[in-house]
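>>> turn this into a model:
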Amino acid sequence: MPRIAINLNPEQLEALSKMFPELPVEDALLTIVNSALSSGKPSKVEDRGLRAVVDSINAYTGRIDEINRKVSHLIEVLEELAARIQSLEEQVRSLAQPVQQARVEERREARKSAVDILREQKVMFESDIASKIKNRDAFFEKLRRSGAVVIGLAKERVAVDAEFYREFIERMEKIASSSEETLSRELGKAELRLLKALMGSGLAYFDNINKKWVVETSAEPSE
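The predicted structure is shown next:
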């Protein structure tokens, strides 16, 4: 048999007790309900009791409706929060992609050989890599064995890509002026830096008589 739970306030309990002083509350409620269902027209007393029961049921139903509304609102808030979290996650992934790409590029750079790096940079001065390479003697020797031109300057060594050095010598042979303007126009940054380094070590100079540059092409390392 189905069971129905009804919450009654003290006034309603007192009313039932007065209407049916000889019956427990459960039996009193059952009497009212049976009377209403069997006769279809409850007595005045029963009608008051039935209205009390109905009022109690309505109040209980109202609380359920209120709880349902609160639950629905909570679900909406949670759905909105979930959407915001998803949006933030997408923004974080979007911001992380450049960083991850940069790390990938760094790892790729680290895997490049010294010769590959020199081929890209064209010229590599010892002073530029002093803080990165512990055994610089072995480093420059490896470059030499790989075909690079290693020149001993007065205070350091410089490694030059072989093809770049050949083109540098050919270009210097065609320049008939020692003016800074001419050199800056005819030479790239790497070539100009290399020329000044060679001049500072006495390995390159301008012959004013013959109007041409003389570059020492030996590639012996400094001691």
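>>> only C-alpha atoms from now on, for both contacts and neighbour counts.
Fine.
>>> enumerate every residue touching I133.
F139 (CA atoms under 8 Å, 6 or more residues apart in numbering).
>>> report pLDDT for it.
On pLDDT, I133 comes in at 88.
>>> dihedrals phi and psi, it?
phi -110, psi 120 (degrees, to the nearest 10).
>>> do V214 as well
Torsion angles, degrees, to the nearest 10, at V214: phi -120, psi 120.
>>> need the pLDDT of it.
V214 is assigned 94 on the pLDDT scale.
>>> wait, it sits on F206?
Yes: the criterion here is CA atoms under 8 Å, and V214 meets it with F206 at 6.0 Å.
>>> secondary structure class for E163?
helix (DSSP: H, G, I helix; E, B strand; the rest coil).
>>> in contact with it, which residues?
Taking CA under 8 Å, 6+ apart as the definition, E163 has no contacts.
>>> same check on the one 5 residues further on?
For F168, the contacting residues are E191, taking CA under 8 Å, 6+ apart as the criterion.
>>> please tell me how far it sits from N7.
Distance, F168 to N7, using CA to CA, to the nearest Å: 101 Å.
>>> what residues sit buried inside the worst-scoring helix or strand of the chain on mean pLDDT?
Between all helices and strands in the chain, the lowest mean by mean pLDDT, DSSP states H and E belongs to helix 25-39, at a mean of 72. Residues 28-29, 31-33, 35-36 are the ones in helix 25-39 that count as buried (16 or more other CA atoms under 10 Å).
>>> so what secondary structure elements neighbour it?
Using 3 or more CA pairs under 8 Å, 6 or more residues apart in numbering; DSSP states H and E, the elements in contact with helix 25-39 are helix 10-19, helix 44-111.
>>> which one of those has the lowest average pLDDT?
Mean pLDDT is lowest for helix 44-111 among the helices and strands packed on helix 25-39, at a mean of 74.
>>> helix or strand right after that one?
helix 114-121 (DSSP states H and E).
>>> V158 in helix, strand or coil?
On the basis of three-state DSSP, V158 is classed as strand.
>>> can you tell me the closest non-neighbouring residue to it?
For V158, ignoring the flanking residues on the chain, the nearest one in space by CA to CA, 6 or more residues apart in numbering is F125 at 4.4 Å.
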